[in-house]
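# quick one: sequence and predicted model below, then my questions.
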Amino acid sequence: MWLDRCPWYIAGPLLGMVIIGLRATVNKPLGALGGYIDVTEHVTRLSRLGFSAFLLAGIVSGGALFALTTGSSSPSPSYSGLLPSDPVLQLAILVVAGFAMGVGARSAGGCTSGHGLTGMSLGSPASIVAAMTFFGTAVALAHVWAWLAGAAS
Amino acid sequence: MKTKAIGLAGGVVFGFTLAWAHLTDPHVIRDMLLLKEPHVFLIMGSAVAIAAIGLRVLKLSNARCIVTGEPVDWTVEQPRTRHVAGSILFGIGWTVAGTCPGPLAAMIGEGRLVGVPVAVGLLAGVTLQGMLAARKSVEAHTPARATAGL
């Protein structure tokens, strides 16, 4: 159903318009990673939080707004079937995965939104290489994982 | 202040769209990586195509920012080792967690608190990498210590 899940031909153009809109109004890139960096660097002086942190706060609010409008908040276990069900093990895996993303994205200078959407649309060679690398790595790993899980069961 | 307000507004549209398109669901991301979910590639592809056209129109028309008044402009980077090495590590975390920094924030906003441990790890990783990079740049800018006695 249309309202349940936004079709790609609406979601894609909306994301494109956000990238154009931020550039046309304040000359800034769309990228989520910068918000996390901004938060860690200004956690003791919140008044100094800048554009990136506000963008991140907006993303959290946007998710909340969606849950409120649709009443479809699903706090159900989101990783059932993806990760081991043991809660402590799952928690540890998620923290480590987040840590890898943090170290990796900061050293690469961007994440899926910063490199994959914004940098790609700017035609930045570094972003194209970064996006090809993380997509290639993730697609390969997901396939190996699925194969191993299939072989084990 | 206006810049921050625009950031907040852009973030709201971004986060709402991510949640509405179900990109905040780790199962959708894992299926995309298993190439079973063309939807997500179509979203990213159309977003990049539309943004690429819009950004070029802005630049070619020498547009000035509506809010800040500065000329619309940007610089691009050449790929270096850190872009590849960092993205490999990022891709591993992305596959395991089934989410990345943007969808993660929207997911937590939706009330899926299972995203919180990922965010804790992400904040720690970002902090550590920031410290490592700062130390490296200090080393690069200080001359090597004289090796006395040799």
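The structure has been received and is ready for your questions. Numbers count the residues shown, from 1 in each chain, chains lettered A, B, ... in the order given.
# okay, CA-based contacts and neighbour counts for the rest of this
Will do.
# measure residue A:48 to chain B for me?
11 Å (CA to the nearest CA, to the nearest Å).
# let me know the pLDDT of that residue.
If you check residue A:48, the pLDDT there is 92.
# what does residue A:77 give?
Reading off the model, residue A:77 has pLDDT 57.
# what about the helices in chain B?
For chain B, helices defined by DSSP state H occupy the ranges B:2-20, B:26-33, B:38-60, B:81-97, B:101-109, B:116-141.
# ranking those helices by mean neighbour count, which comes first?
helix B:101-109 (a mean of 29; mean count of other CA atoms under 10 Å in any protein chain shown).
# what about the chain, any weak spots by pLDDT?
Picking chain A for this. Applying pLDDT under 70 to chain A flags residues A:1-2, A:72-77.
# wrong chain, I was asking about chain B
For chain B, the stretches flagged by pLDDT under 70 are B:142-150.
# if you set the cut-off to 90 instead, what comes out?
B:1, B:135-150 (pLDDT under 90).
# quick one: the helices in chain A, in order.
A:8-26, A:33-41, A:51-70, A:87-108, A:120-122, A:125-152.
# buried residues in the last one?
It stands for helix A:125-152. A:125-135, A:137-142, A:145 (16 or more other CA atoms under 10 Å in any protein chain shown).
# what's the angle from that helix to helix A:87-108?
Here helix A:125-152 runs at 160 degrees with respect to helix A:87-108, directions being taken by axes from the mean of the first three to the mean of the last three CA atoms, to 10 degrees.
# now residue B:54: how far from residue A:3?
27 Å (CA to CA, to the nearest Å).
# tally of neighbours for residue A:118?
28 (other CA atoms under 10 Å in any protein chain shown).
# just give me the residue right at the centre of chain B.
For chain B, residue B:101 is the residue whose C-alpha lies nearest the centre (CA atoms, centre = their mean; 6.4 Å).
# do chain A as well
Closest-to-mean residue, chain A, CA atoms, centre = their mean: residue A:112 / 6.1 Å.
# dump the residue contacts of it.
The contact partners of residue A:112, by CA atoms under 8 Å, 6 or more residues apart in numbering or on different chains, come to A:31, A:131, B:100-102.
# check the gap between it and residue B:17 for me.
Residue A:112 is 15 Å from residue B:17, by CA to CA.
# residue B:118 too?
Taking CA to CA, one finds residue B:118 at 21 Å from residue B:17.
# now swap in residue B:77 and tell me
28 Å.
# for residue A:42, same thing?
Where residue B:17 is concerned, residue A:42 sits at a distance of 28 Å (CA to CA).
# tell me if I'm right that residue A:6 and residue B:20 touch.
Yes. In this structure, residue A:6 is within contact of residue B:20 by CA atoms under 8 Å, at 5.4 Å.
# can you give me the neighbour number for residue B:80?
Count around residue B:80 with other CA under 10 Å applied: 13.
# contacting residues for the nearest residue to it once chain neighbours are set aside?
Spatially, and ignoring its direct neighbours in sequence, residue B:80 is nearest to residue A:126 (7.1 Å; CA to CA, 6 or more residues apart in numbering or on different chains). Taking CA under 8 Å, 6+ apart, we find residue A:126 in contact with A:119, B:76-80, B:83.
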